[in-house]
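Q: Kindly generate the corresponding structure for this input.
(chains A and B)
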Amino acid sequence: MAYNLKQVVAEKPSRFTAGHRMCAGCGVPPVARMILRALKPEDHAVISVATGCMEVSTFIYPYTAWTDSFVHTAFECAAANASGAEAAYKALKRKGKIPEDQTTKFIAFGGDGGTYDIGLQSLSGAMERGHDMVYVCYDNGAYMNTGIQRSSATPKFSDTTTSPAGEVIPGKMQSRKDLTNIMANHHIPYVAQTAAVNNFKDLYEKSEKAIYTEGPAFLNVLAPCPRGWGYNTEDLMQINKLAVETCYWPLYEVVDGRYIVNYKPKNKLPIEEFLKPQKRFKHMFKPGNKWMIEEFQKEVDKRWEELLNLEEITNREE
Amino acid sequence: MSIRERLSGNEAAAIAMKQINPDVVAAFPITPSTEIPQYFSTFVSNGDVNTEFVAVESEHSAMAACIGAEAAGSRAMTATSANGLSLMWEMIYIASSLRLPIVMSLVNRAVSGPLNIHNDHSDAMGVRDAGWIMLFSENNQEAYDNLIMAHKIAENKNVKLPLMVCQDGFITSHSIENIELIEDDKVKVFVGEYNPEEYLLNKENPIAVGPLDLQAYLFEHKAMQADAMRNAKNVILEVSKEFEKMTGRKYSFFEEYKLEDAEIAIVCMNSTAGTTKYVVDCLREKGIKAGLLKLRVFRPFPADEIAKALENLKAVAVLDKADSLNAAGGALFEDITSAMYVNKKQVPMVNYIYGIGGRDTKSDDIESVYNDLEEIAKTGEIDNPYRYLGLRK
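A: Here you go, the predicted structure:
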């Protein structure tokens, strides 16, 4: 059946409830709601969340915004916690201690700090071990919960509190880590990069695939942060759109090693369109700094070309 | 009939785990505990257990996976040593705060640095305030017995705390000694089924575990953990009695070896107690009233009971197999002297830091401590209470 946002929302009430304390204009709650909507209504989920914005604003004792089972322990181990719970599920199913008709799905969430950086090892381990789970990285490109410090997901030249744009050093001087490809190279059944665009169609469909593909799956979801990126809260969806239309954040999936680029803009927008509305890139538009925009554009183009090549190579007929 | 066997401490621990047949084991190799997951994974591969074995990529993930598994409603176990426990440290505290009765074998080894793979107790002492029940074992038999009793203690509804069973690396873990095993079916009945009241995999009653817990509640939650640790004292005694009924082997907070009429005594934990018993026997033959208090339950700390057991002695030496590097004294010494003070018992006491990094502690060394104690008992004089045993000058 063709995707229909109104129908999805009407038929699948949000399993992530109102009353959480995430910021207005934050990219995370709409993403979390939509991912959980991809669960079949009759299925139960165990959600494992890394310490970070999402955790500290959704489960402040004695309140929780989660209607499914939920576990949080620390920053770097959402994947390991989920892998333990999934192992328990297998063992208890085998021993007949869980009703036969019960289906529980395992979904871990971590920010880019908890995923690209401190949690990379536990994520890599859990994926390699083949647990039947989905790991979702909500990538907002810095340590937002502690106050906008640079991570390995922070794009080059970003002004963050630990890579401030100063007189001598103009922001973060290193390029972003390409985590989606790193996960694809774990040769797991399903890896996808997505964002909340076009009525959430891409996000919803990929979540459904990730959750219901047997074995480990990884989703990298763009999750803009109004505080860290410096955009107006009402512009969240526009920022998502620009990230995709400039090919800064390509929508693609890797199914059993085969790359599929889900959206190729007919009219690839220049990167300025994405950079301009964000205060973290403000210094790039000062006189004499055009080289930074050019360099940024070059990097985006290079990675986009690489992605198209990967699609071609992995889809070649034998 | 019990089964007579010859096993190393690691084999004994692995066999206890096989008989317990936990739902999940998550572990990472580290000397000298490596053999435990190694033996156990053989049981898994051969279908001797129906456990889900999670070969994690680090000890941090081992404990994180155990937490996930136990919170999900299953029985989870692990084993580690030294730096493995150090890497787990963050999760060790979280496991106890979430009130998850995970059971771990800790095969004691010196924590780096510098790197050393041999036995001392610096790993265990590093987590003494982490809210885990900590049982120490003199030999393979006790390591086995303590593991068989572990779940009944940890999972008790008035306790619900994780528990670690300590044994000395190499000295116990790799030495093959006689052991009496309990029949599989008896262990199964004794350990029982684990049926937690609340757990993640209960679809009918989903729960949330591990909140952000701020100023309004954390203090009370920590006090509840402390209560659970106090409750554990009675539960340990009850379970030990039940165990004695099944096996005839008697356990309590500590073992008093020829302590009743003793004038001088050593307090120590784990394998050194075996050497000390031998020395006590030799000294008794010479008419010297020597005794031993071998501590089994280090957490919860049986402060009042220890004070009572030591009150009539003329001199006591506390042996710490880890230096607290605090210019004052080892952890066990501080706990015991504090217990004596609070209970208004005044007995001359000295502390010996010994066996660091696997330095051999021979019967001569232990005898020299009793010689010192005889002198102290005579004069009441202690020039320096903080001493070393076996340190090269």
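
Q: near chain A, which residues of the stretch 51-200 of chain B?
A: By the rule C-beta under 8 Å from any C-beta of the partner chain, the part of the stretch 51-200 of chain B lying against chain A is B:51-52, B:54-58, B:60-61, B:64-74, B:76, B:90-91, B:94, B:98, B:200. Backbone N, C-alpha and C define where each C-beta goes, glycine included.

Q: Which stretches in the stretch 1-150 of chain B count as strands?
A: Remark: strands assigned in the stretch 1-150 of chain B by DSSP state E, counting those that start in this stretch are B:3-7, B:24-27, B:52-55, B:76-80, B:103-108, B:133-136.

Q: sorry, that was for chain A
A: Assigned by DSSP state E, chain A shows strands spanning A:44-49, A:69-72, A:104-111, A:134-139, A:190-194, A:217-222, A:252-255, A:258-261.

Q: nearest to residue B:363, of those?
A: Set against residue B:363 and scored by C-beta to C-beta, these come closest in strand A:69-72, at 50.5 Å.

Q: Buried residues, the closest one. List them.
A: Going by neighbour count (16 or more other C-beta atoms under 10 Å in any protein chain shown), the buried part of strand A:69-72 is A:69-72.

Q: ditto for stretch B:368-378
A: Quick answer for stretch B:368-378 (16+ other C-beta under 10 Å): B:369-370, B:372-374, B:376-377.

Q: Just the pLDDT for the residue in the stretch 101-250 of chain A that chain B sits nearest to.
A: Nearest residue of the stretch 101-250 of chain A to chain B (C-beta to the nearest C-beta) works out as residue A:125 at 3.2 Å. For residue A:125, the pLDDT comes out at 98.

Q: before we move on, what about residue A:287?
A: Value for residue A:287, per-residue pLDDT: 97.

Q: coming back round to it: now render the strands of the stretch 1-150 of chain B as CSV, adding mean neighbour count and mean pLDDT.
A: Formatted as CSV, the strands of the stretch 1-150 of chain B follow (neighbours: other C-beta atoms under 10 Å in any protein chain shown; pLDDT from 0 to 100):
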stretch, mean neighbour count, mean pLDDT
strand B:3-7, 13, 96
strand B:24-27, 29, 98
strand B:52-55, 22, 98
strand B:76-80, 31, 98
strand B:103-108, 30, 98
strand B:133-136, 26, 99
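
Q: separation between the residue most central in space within chain A and residue B:11?
A: By C-alpha atoms, centre = their mean, chain A has its centre lying nearest to residue A:221, at 2.4 Å. Residue A:221 sits 48 Å away from residue B:11, going by C-beta to C-beta, to the nearest Å.

Q: do residue B:17 as well
A: To residue B:11, residue B:17 is 11 Å away according to C-beta to C-beta.

Q: So for the two, which residue has more residues nearby?
A: Taking neighbours as other C-beta atoms under 10 Å in any protein chain shown, residue B:17 and residue B:11 compare with residue B:17 leading, 24 against 21.

Q: before we move on, the earlier item: just the buried residues of the residues of the stretch 51-200 of chain B next to chain A.
A: B:51-52, B:54, B:56-58, B:60-61, B:64-74, B:76, B:90-91, B:94, B:98, B:200.

Q: give me the residue from the stretch 51-200 of chain A nearest chain B.
A: Nearest to chain B in the stretch 51-200 of chain A, going by C-beta to the nearest C-beta, is residue A:84, at a distance of 2.8 Å.

Q: ok, now which ones touch the nearest residue to that residue once chain neighbours are set aside?
A: For residue A:84, ignoring the flanking residues on the chain, the nearest one in space by C-beta to C-beta, 6 or more residues apart in numbering or on different chains is residue B:68 at 2.8 Å. Counting by C-beta atoms under 8 Å, 6 or more residues apart in numbering or on different chains, residue B:68 makes contact with A:48, A:71, A:73, A:80-88.

Q: Ok, residue B:126 next?
A: Neighbours of residue B:126 in contact, by C-beta under 8 Å, 6+ apart: B:85-86, B:89, B:111.

Q: Greatest separation within those residues: which pair is it?
A: Greatest spacing in the contacts of residue B:126, by C-beta to C-beta: B:89 and B:111 (10.3 Å).

Q: out of those two, which sits in the more crowded spot?
A: A direct count of neighbours by other C-beta under 10 Å for residue B:89 and residue B:111 places residue B:111 higher, at 21 against 15.

Q: so where's chain A uncertain?
A: Judged by pLDDT under 70, chain A has its weakly predicted residues at A:1, A:318.

Q: of all of chain B, which residue lies closest to chain A?
A: Relative to chain A, the nearest point of chain B is residue B:68 (2.8 Å; C-beta to the nearest C-beta).

Q: how close does that residue get to residue B:143?
A: Where residue B:143 is concerned, residue B:68 sits at a distance of 26 Å (C-beta to C-beta).

Q: could you dump stretch B:371-382 to CSV, C-alpha only?
A: This file holds the C-alpha atoms of stretch B:371-382, laid out as CSV (Å, rounded to 0.1, in the frame of the first residue of the first chain):
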residue,chain,number,x,y,z
ASN,B,371,55.6,-13.3,65.9
ASP,B,372,55.0,-9.6,65.7
LEU,B,373,51.6,-10.0,67.3
GLU,B,374,53.0,-12.0,70.2
GLU,B,375,55.3,-9.0,70.8
ILE,B,376,52.5,-6.5,70.6
ALA,B,377,50.3,-8.7,72.9
LYS,B,378,53.1,-8.7,75.4
THR,B,379,53.9,-5.0,75.4
GLY,B,380,50.8,-3.4,73.9
GLU,B,381,53.2,-1.2,71.9
ILE,B,382,52.7,-0.6,68.2
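
Q: Centre of the chain to it, how far?
A: On the basis of C-alpha atoms, centre = their mean, to the nearest Å, stretch B:371-382 sits 31 Å off its chain's mean C-alpha point.

Q: Quick check: mean pLDDT of it?
A: 96.

Q: same question, stretch B:214-224
A: Here stretch B:214-224 scores 98 as its mean pLDDT.

Q: just how off-centre is that stretch within its chain?
A: With C-alpha atoms, centre = their mean, you get 27 Å for stretch B:214-224.

Q: Mind checking if it is in reach of chain A?
A: Yes. Stretch B:214-224 lies within reach of chain A by C-beta under 8 Å from any C-beta, at B:214, B:216-217.

Q: from those residues, which is closest to residue A:295?
A: Residue A:295 lies nearest to residue B:214 out of the residues of stretch B:214-224 next to chain A, by C-beta to C-beta, at 43.8 Å.

Q: What sits closest to residue 119 if chain neighbours are left out?
A: Since no chain was named, I'll use chain A. In space, residue A:119 is closest to residue A:76, 4.3 Å off (C-beta to C-beta, 6+ apart).

Q: looking at chain B here, not the other one
A: Nearest to residue B:119 is residue B:169, by C-beta to C-beta, 6+ apart, at 4.1 Å.

Q: In contact with the one you found, which residues?
A: B:31-33, B:81-82, B:107-109, B:117-119, B:358.

Q: change it to 7 Å
A: B:32, B:81, B:107-109, B:118-119 (C-beta atoms under 7 Å, 6 or more residues apart in numbering or on different chains).
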